[in-house]
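Asker: 3D, please:
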Amino acid sequence: MEVQVRDARLTDIDRITAVVERAGVQWTAAQLSDAADLLRRMIYLPNAAVLAALDGRAIVGVAVLSLRPSVAAGGLVGTIDLLSVDPGQHVSGVTETLLRELTRSARNKGCVLIDASPPEDPTELALWQQAGFVESGVRFSCPLARVSTTAW
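Answerer: Numbers count the residues shown, from 1 in each chain. Predicted structure coming up:
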């Protein structure tokens, strides 16, 4: 299978969300609609990359990279927000290709680091490690939409 990766287009969004769902992400109808709307906006952002992996005309994988400045890292940090592969495909080849393109895109955009949540599957974790990723702890996050300011 020859997988090609390109920037996603608006016309790809429905097929991209279908791949994510088939990959096992459990979204409600509202979450699916919100994700599709956000992906449509991210296509045009200079600080994001939405990549589609294709086998012929079929989208078999998707990856989303977002960029943020970081004083601690000494420059831009690319965050892999999403990487999903259609379970009917040879997962390793698609994952490797997407990781390679994400790394290339992050370098081209001036990133000094790429971070992501580590995959839970040991086989997939090995693919990420082969691509140069190392475990560096878990993320710590604060959901701003739900934070109460009364604690301050």
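
Asker: Please identify the helix or strand for the closest residue to Asp14 other than its chain neighbours.
Answerer: Once its chain neighbours are removed from consideration, Asp14 has its nearest residue in Ala36; the separation is 7.1 Å (CB to CB, 6 or more residues apart in numbering). From N, CA and C alone the C-beta is placed, and that goes for glycine too. Using DSSP states H and E, Ala36 maps to helix 29-42.

Asker: distance of the closest residue in space to Leu65 that isn't next to it in sequence from Gln26?
Answerer: The shortest distance from Leu65 to any residue that is not its chain neighbour, by CB to CB, 6+ apart, is 4.4 Å, and that residue is Ala49. Using CB to CB, to the nearest Å, one gets 25 Å for the distance from Ala49 to Gln26.

Asker: Looking at those two, which has the bigger crowd around it?
Answerer: In this comparison of Ala49 against Gln26, neighbours counted by other CB atoms under 10 Å, the higher total goes to Ala49 at 23 against 6.

Asker: What are the buried residues along stretch 22-40?
Answerer: In terms of neighbour count (16 or more other CB atoms under 10 Å), stretch 22-40 has its buried residues at 23, 32, 35, 39.

Asker: Pick the one among the residues you listed closest to Pro87.
Answerer: Within the buried residues of stretch 22-40, proximity to Pro87 (CB to CB) peaks at Ala23, which comes in at 6.0 Å.

Asker: residue contacts, the closest one?
Answerer: With contacts defined as CB atoms under 8 Å, 6 or more residues apart in numbering, the neighbours of Ala23 are 84-87.

Asker: Using a markdown table, please lay out these together with distance to Ala58 and pLDDT.
Answerer: Conversion of the contacts of Ala23 to a markdown table gives the following (distance: CB to CB, whole Å; pLDDT from 0 to 100):
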| residue | distance to Ala58 | pLDDT |
| --- | --- | --- |
| Ser84 | 14 | 93 |
| Val85 | 12 | 93 |
| Asp86 | 8 | 93 |
| Pro87 | 13 | 89 |
